[in-house]
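**Student:** sequence isn't available, so here's the structure alone:
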């Protein structure tokens, strides 16, 4: 994601996502801004009164949109917390990685950069989001649905790069293994009160996927 060097450090993560997609039309950029406004209003309300007490009607009022607009962009309240603008960027970046690079190494580079950007530009929101995923059962359940949807998109690009069929078992297992491992990593991070370095945890996760699980050793 080399384009990030042009983005000011103070920019929000959603602004970064927009800047990484210069091909977006004005209509698409307006959609991102509306989604961003709704998300930020949601996080403010949740920080003040908790997840369960926050209603879509309150979110709409805080974001100065109608409840129907909220539902048009986010089918459920859980989706407001869980979705972001980075899936299309991840797929585009994966397509642009060097030919012949092992898929896991390509994803390691892309995911590491995405996490770095999250921590740099929207650390507080990243902390809140991962804490909610760890603590709210409805979000945990919806997150797995989101992972499955992203996995299907990832399979298409992995198939292109590997010359396989996107419905092959091996492609599907690989995509879900990576995304499921990342989900578990963020839950682990949140359960430990975000005391660990998330980039270190991501590195450990990728190493485990690459090397397997050694017997009788502990990370240093």
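**Tutor:** That came in fine, so what should we check first? Please read all numbers here as calculations on a predicted model, not as lab measurements.
**Student:** tell me which residues in stretch 143-153 are buried?
**Tutor:** Within stretch 143-153, the residues that count as buried by 16 or more other C-beta atoms under 10 Å are 143, 146-147, 150-151. (C-beta placed from N, C-alpha, C; glycine too.)
**Student:** how about residues contacting it?
**Tutor:** Stretch 143-153 has contacts (C-beta atoms under 8 Å, 6 or more residues apart in numbering) with 78-79, 82-83, 87, 91, 133, 172, 175-176, 179-180, 183.
**Student:** quick check: next helix or strand after the helix-or-strand element of the chain with minimal mean pLDDT?
**Tutor:** Of all the helices and strands that make up the chain, helix 13-19 has the lowest average by mean pLDDT, DSSP states H and E, namely a mean of 53. Counting by DSSP states H and E, the next helix or strand C-terminal to helix 13-19 is helix 26-49.
**Student:** list the buried residues of that next one.
**Tutor:** Residues of helix 26-49 classed as buried by neighbour count (16+ other C-beta under 10 Å): 32, 34-43, 45-46.
**Student:** ok, now stretch 88-108?
**Tutor:** The neighbour-count check on stretch 88-108 (16+ other C-beta under 10 Å) flags 89-91, 93-94, 97, 103, 106-108 as buried.
**Student:** and stretch 156-169, by the same measure?
**Tutor:** For stretch 156-169, by 16+ other C-beta under 10 Å, it's 157-159, 161, 166.
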